[in-house]
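Student: Compute the structure for the input listed below.
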Amino acid sequence: MSEKNREGKRTAREKLAVEREKQKAADKRRRALIVGGAVVAVLGLAAVIGVVAANAGKDDSAASGPVVAPSGAQGKDGLAIPVGKDSAKSTLTVWEDFRCPACKSFETAYRPVIHELTNAGQLRTEYHLVTLIDGNMGGTGSRNAANAAACAQDAGKFPAYHDVLFDHQPPEVDDAYADNARLIELAGKVDGLDTPAFRACVEKGTHNGWVAKSDQAFDKGDFSGTPTVLFDGKNIYQDQTMTPAKLKQMVQEANQG
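Tutor: So this is what the prediction gives:
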């Protein structure tokens, strides 16, 4: 082989090596941008509209069985648990996941005014329970907690137990609510809830099929994440100017009209 040919091949190999290093560097930068962008997106959405809906990998196998709606469930397909008087002029529709940190943040900020307005007969709240975090993180805590909340509705204790579940919410990565014993333990914090009927309902997953159907309705609703909060049909949680005081004013104005 001539010196010229050897030099040409060596140059070609060097160029190929350089291109490979460039490609590795580009791939590394791209991965960093993807990871960084994902972190920023999750933090931003958690603060504004909750966790982005992504249900890939959701385990639907355990959700099979009959769709048994809890007592008093209303709305389309009986998927809403109502709290408040039917005569209230304003309706707040809330889609929540008991494992969702952004949902807990919403409850912490807005619960006092929602309770005040509901107790005053000015606001009716419809709760829809979903399993978004089970789909994102794996596990069954969202579903089991939602089933237990539906069991509490059967016992006429939903509002109090709903609040207890959010007050004792485990870290998002901790699927503690998959343990029915933990859900029953928390029922002891609600007067009169921890009964044989409630325990059986929780342990049998009586409302699992209903929870799955509610989650399917959430998927079909084209919502961006949890919590999704609608005031008389309008999404207000995406409004960055929304505050508990503003919500109270909106409800009071609606009741004066």
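Student: you'd agree residue 95 is in a helix?
Tutor: No. The assignment for residue 95, made by DSSP: H, G, I helix; E, B strand; the rest coil, is strand rather than a helix.
Student: Name the residues linked to it by a beta bridge.
Tutor: As for beta bridges, residue 95 partners with residue 128, residue 228 under DSSP bridges.
Student: which residues does it contact?
Tutor: Residue 95 is in contact with 128, 130, 218, 221, 223, 226, 227, 228, 229, counting by Cβ atoms under 8 Å, 6 or more residues apart in numbering. To be clear about C-beta, it is placed using only N, CA and C from the backbone, and glycine gets the same treatment.
Student: likewise residue 76?
Tutor: Contacts for residue 76 (Cβ under 8 Å, 6+ apart) come out as residue 217.
Student: quick one: it and residue 236, what's the gap?
Tutor: Using Cβ to Cβ, to the nearest Å, residue 76 is found at 20 Å from residue 236.
Student: And residue 70, by the same measure?
Tutor: 26 Å.
Student: Compare neighbour counts for these two and give me the winner.
Tutor: residue 70 (22 against 16; other Cβ atoms under 10 Å).
Student: so who does the more buried one touch?
Tutor: Contact analysis of residue 70 by Cβ under 8 Å, 6+ apart lists 81, 150, 151, 153, 154, 158, 207, 210.
Student: residue boundaries of the strands in the stretch 1-150 of the chain?
Tutor: 51-52, 81-83, 90-96, 123-129 (DSSP state E, counting those that start in this stretch).
Student: Give the buried residues for the helix or strand residue 161 falls within.
Tutor: When elements are assigned from DSSP states H and E, residue 161 belongs to helix 158-167. Neighbour-count burial for helix 158-167, counted by 16 or more other Cβ atoms under 10 Å, picks out 158, 159, 160, 161, 162, 164, 165, 166.
Student: Go ahead and confirm residue 175 touches residue 138.
Tutor: Yes. The pair residue 175 and residue 138 passes the contact test of Cβ atoms under 8 Å, sitting 7.4 Å apart.
Student: Compare these two and say which is more crowded by neighbours.
Tutor: Neighbours per residue (other Cβ under 10 Å) separate residue 175 from residue 138, with residue 175 holding more: 19 against 14.
Student: contacting residues around that one?
Tutor: Taking Cβ under 8 Å, 6+ apart as the test, what residue 175 contacts is 99, 137, 138, 139, 140, 141.
Student: coming back round to it: using JSON lines, lay out the strands of the stretch 1-150 of the chain together with mean pLDDT.
Tutor: As requested, those are exported to JSON lines (pLDDT from 0 to 100):
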{"stretch": "strand 51-52", "mean pLDDT": "40"}
{"stretch": "strand 81-83", "mean pLDDT": "98"}
{"stretch": "strand 90-96", "mean pLDDT": "97"}
{"stretch": "strand 123-129", "mean pLDDT": "98"}
